[in-house]
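*Asks:* structure here, sequence nowhere to be found:
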């Protein structure tokens, strides 16, 4: 791709070197281009292997960056969906602070897909997952905290850098009462752990997930089963960690063994512990934030990558409950 000035000072023309990829870039009935126009307030005019961008200076630059990122994705043999368009625009319009420059190129490679960030905080989080021994991912639903942690674990597992993946959650009901469900222990706890299974099946072939669960190479268990263990040569993930007590969190953190990594995810605004109980997630974040080898990413509403309505729902609830983070309007820099 090459950018050049247009016939007018408010026009940028992008030249793309592969005509065959242009249909994928534009989308069905130019839907991808229409989405970029809607999000950035620009006008895009495709012609052959060129796209002319008209609009304000910043908007033109952001559109050019988003189109370039999407075109690069196509050149690497990946497909471009509407969610990718939204992610490319979100990345282009995010102001990356010092220390995060170049983070937008980070990737997580699994057998099922290549995962790229869809927000600046996701890029930072993915880099932390690849370089730190203990990572906290905190923020609202839909920001990719758990999914990216599982993907990072799968990536190291298929490379042989860890022997096991251990996924855990505290078995705390979110307002329901599931204790009287029929079945054995695994059938009773599976409802709590379903999001972890979903992430596994999205990053590994179903047959490999089944084999690895059977052999113990992948273990999915409630938090209570972690007591007394030393987890070596493993990637260990604790999801919904806001529902851990302080004692449970300390117990879990001290399970980390030789050649292991740990990711802890949760939303501090959705605590389901009994009234008056202190969330171990918040305490651990504050106590360990400056410990070497520990990293923290705090996601914000702008990082929600599900349906756009989810972003608005999360933001509305945050405002209603008075729980907007102080730095949230700036993108939730961790």
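*Replies:* Arrived safely. Keep in mind that what you see is a predicted model, and the values were worked out from it rather than measured.

*Asks:* surely residue 110 meets residue 159?
*Replies:* No: applying CB atoms under 8 Å as the test, residue 110 and residue 159 come out as separate, 10.4 Å apart. Bear in mind the C-beta positions are built from the backbone N, C-alpha and C, glycine included.

*Asks:* quick one: which of those two has more around it?
*Replies:* Between residue 110 and residue 159, counted using other CB atoms under 10 Å, the more crowded position is residue 110 (19 against 9).

*Asks:* just want the phi and psi numbers for the more buried one.
*Replies:* Dihedral pair for residue 110: phi -120, psi 180, per degrees, to the nearest 10.

*Asks:* wait, isn't residue 252 in contact with residue 243?
*Replies:* No: the pair residue 252 / residue 243 is not scored as a contact, 12.0 Å apart, by CB under 8 Å.

*Asks:* where are the low-confidence patches of the stretch 51-200 of the chain?
*Replies:* Within the stretch 51-200 of the chain, the stretches with pLDDT under 70 are 95-105, 172-189.

*Asks:* okay, now residue 296: neighbour count?
*Replies:* Neighbour tally, residue 296, other CB under 10 Å: 20.

*Asks:* host element of it?
*Replies:* Per DSSP states H and E, residue 296 falls inside strand 294-298.

*Asks:* mind listing what's buried along the very next helix or strand once past that strand?
*Replies:* Using DSSP H and E, the helix or strand that follows strand 294-298 in sequence is helix 308-321. Across helix 308-321, burial judged by 16 or more other CB atoms under 10 Å covers 310, 311, 313, 314, 315, 318.

*Asks:* and which of those is nearest residue 45?
*Replies:* Set against residue 45, the nearest of those by CB to CB is residue 311 (29.2 Å).

*Asks:* circling back: report all helices and strands that the strand holding residue 296 contacts.
*Replies:* Counting by 3 or more CB pairs under 8 Å, 6 or more residues apart in numbering; DSSP states H and E, the packing neighbours recorded for strand 294-298 are helix 120-131, strand 134-138.

*Asks:* hey, which of the ones you listed is tucked in deepest?
*Replies:* For those, average neighbour numbers computed from mean count of other CB atoms under 10 Å are highest in strand 134-138, which has a mean of 25.

*Asks:* which residues does it contact?
*Replies:* Strand 134-138 has contacts (CB atoms under 8 Å, 6 or more residues apart in numbering) with 125, 128-129, 143, 145-146, 148-149, 253, 256, 261-268, 281, 284-285, 288, 293-299.

*Asks:* cutoff 6 Å now
*Replies:* Outside of strand 134-138, the residues within contact range by CB atoms under 6 Å, 6 or more residues apart in numbering are 125, 128-129, 145, 262-265, 285, 294-298.
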